[in-house]
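*Asks:* next comes the sequence, and after it the predicted model I'd like to discuss.
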Amino acid sequence: LAYKYNVTFTVSNWDSEVMLDFGGTVHNLSDSDNTYDDYDSAQTCVDALIENITDGSLRDMSYMAALYLCGWRDPLTSTEKTIAFTETTFEYARDSRWLSTYGSELDGYEMYGSQDLFM
């Protein structure tokens, strides 16, 4: 069917970071690798913020706000939007503006098991 309808594709391992541009060409890998590094740095910074939230020295905020404080800011390029989508929106099934940093590192599941979201 791909050949019949002129759909282009690329072979990719599960753990690769291959992105396709419009038209099906493979996106510049050094650009996506550098952007992943930037996102990883922002997430490391968010982890430090979360530690301050869980110990009570900082108030809860959205994951988007935490990323903003850590340098991941609008306007985002198309590569940045793609990485933010795959790393946050796709992974947690909601956009970063609706995710709370407070619940991301708490031990509620260890304490309450499958009823942790009820609490």
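*Replies:* Nice, I can see it.

*Asks:* contacts and neighbour counts: CA atoms only from here.
*Replies:* Fine.

*Asks:* residue contacts, Ile83?
*Replies:* If you count contacts by CA atoms under 8 Å, 6 or more residues apart in numbering, Ile83 has them with Thr35, Tyr36, Tyr39.

*Asks:* same list (those) but as CSV, adding neighbour count.
*Replies:* Below are these laid out as CSV (neighbours: other CA atoms under 10 Å):
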residue, neighbour count
Thr35, 17
Tyr36, 18
Tyr39, 20
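
*Asks:* may I see those arranged in JSON lines, with pLDDT, secondary structure and distance to Arg97 as well?
*Replies:* Shown next, in JSON lines, are those (pLDDT from 0 to 100; DSSP: H, G, I helix; E, B strand; the rest coil; distance: CA to CA, whole Å):
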{"residue": "Thr35", "pLDDT": "88", "secondary structure": "helix", "distance to Arg97": "20"}
{"residue": "Tyr36", "pLDDT": "87", "secondary structure": "helix", "distance to Arg97": "20"}
{"residue": "Tyr39", "pLDDT": "91", "secondary structure": "helix", "distance to Arg97": "16"}
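
*Asks:* which of those residues lies closest to Ala65?
*Replies:* When the contacts of Ile83 are ranked by distance to Ala65 (CA to CA), Tyr39 comes first, at 14.0 Å.

*Asks:* for the closest one, which non-adjacent residue is spatially closest?
*Replies:* Sequence neighbours aside, Trp72 is the residue nearest to Tyr39 in space, at 7.1 Å (criterion: CA to CA, 6 or more residues apart in numbering).

*Asks:* test my guess that the one you found contacts Ala42.
*Replies:* Yes. With contact defined as CA atoms under 8 Å, Trp72 counts as touching Ala42 (6.3 Å).

*Asks:* right, I'll call it a day here.
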